[in-house]
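Enquirer: What would the 3D arrangement of this be:
(one chain, ligands or ions: 1)
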Amino acid sequence: MDQDQKKRLVAAAALEFVVDDTIVGVGTGSTANCFIDALAGRRERIRGAVASSEASAERLRAAGIPVFDLNETGELGVYVDGADEATRERHLVKGGGGALTREKIVAAASARFICVIDDSKIVTRLGHFPLPVEVIPLARRQVARALADLGGRPVWREGFVTDNGNVILDVHGLDIADPVGLEASLNQITGVVTNGLFARRPADLLLVGSDAGVQRI
Ligand code: 5RP
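Expert: So this is what the prediction gives:
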C-alpha cells in the first residue's frame, strides 16, 4: 500500500468518531483533505465543520459542508487532523502546512483529538522533522536568535505567510527529549505565537495507516 492509500484508509477510519448532527473540527494537510473527502459522503448527517485553515475551509465548502467560526460553536466533540511526526505517547510535531496556530486552537476546543497518520510518521523521539514556530513578523530575527540559543537552527520559511498574517521559522536540530517542557519554554519567547509541539494537549488517539490496516494508539 502506498502512502496516499494509507492516508485514505485512516481518514475513512476516522469517520467512526463523527457523531451525527454535530459540528466537526477539521485539520489541514493532505491527510486532513482525505478526511474532508470522506466526510463529504455523509454531509447530510452533520451540521458542519470548523476548519483549522482557509485552505480546509475552502475544501469543505466545495464539498458542500457548511463552515462555522469557532466563536459561533463553542466546544466541539471531535477534531480530526494529521501530523508530521508522532510518538507512541501521542506527542506530535505539526505545522508542516503552516496552520499550527489554528490547529492548536481547534484541538484545544475539542473534547477528542483524533490524529490520522500513515506509519512513516511514527518516531521514537520528536525532532527529525524541523519544528515549525509561528512568529510575529517584526520579531523574526529576535526569535531566531533565541531559538539558536536553545540549540536549534531556525530557517525562515521565506515567502510563506500564515492565515494569521505571520511568518514561520522551521527549527532544525532541536533535541526534543522533553516535549511538554520545550513546548512551554518556546511559548515564553516574546514574539512567538505558537510552536508546532502538541504535547501539553497531545492527541487522544492516533489512527495509523499501515500495510496491516489501521492501528490504534
Ligand atoms: C499542517 C499540519 C499537517 O497536519 C501536517 O503537516 C501533516 O500533513 P500531511 O497530512 O499532508 O502529511 O500540521 O499545518
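Enquirer: wait, what's in contact with the closest residue to residue 202 other than its chain neighbours?
Expert: With CB to CB, 6 or more residues apart in numbering as the measure, residue 90 is the residue that lies nearest to residue 202, at 4.2 Å, once sequence neighbours are left out. Where you see a C-beta, it was placed from the backbone N, CA and C, and this is true even at glycine. Shown in contact with residue 90 (CB atoms under 8 Å, 6 or more residues apart in numbering): 115, 202-206, 217.
Enquirer: Test my guess that residue 214 contacts residue 119.
Expert: No: counting by CB atoms under 8 Å, residue 214 stays clear of residue 119, with 10.2 Å between them.
Enquirer: Just the C-alphas of stretch 193-202, formatted as CSV.
Expert: Extracted C-alpha coordinates of stretch 193-202, given in CSV (Å, rounded to 0.1, in the frame of the first residue of the first chain):
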residue,chain,number,x,y,z
VAL,A,193,2.7,33.0,18.5
THR,A,194,2.7,29.2,18.7
ASN,A,195,5.0,26.3,18.2
GLY,A,196,4.3,23.0,16.5
LEU,A,197,4.7,20.8,19.5
PHE,A,198,1.4,19.2,20.6
ALA,A,199,2.5,17.7,23.9
ARG,A,200,0.7,19.6,26.6
ARG,A,201,-2.5,18.6,24.8
PRO,A,202,-1.5,15.5,22.9
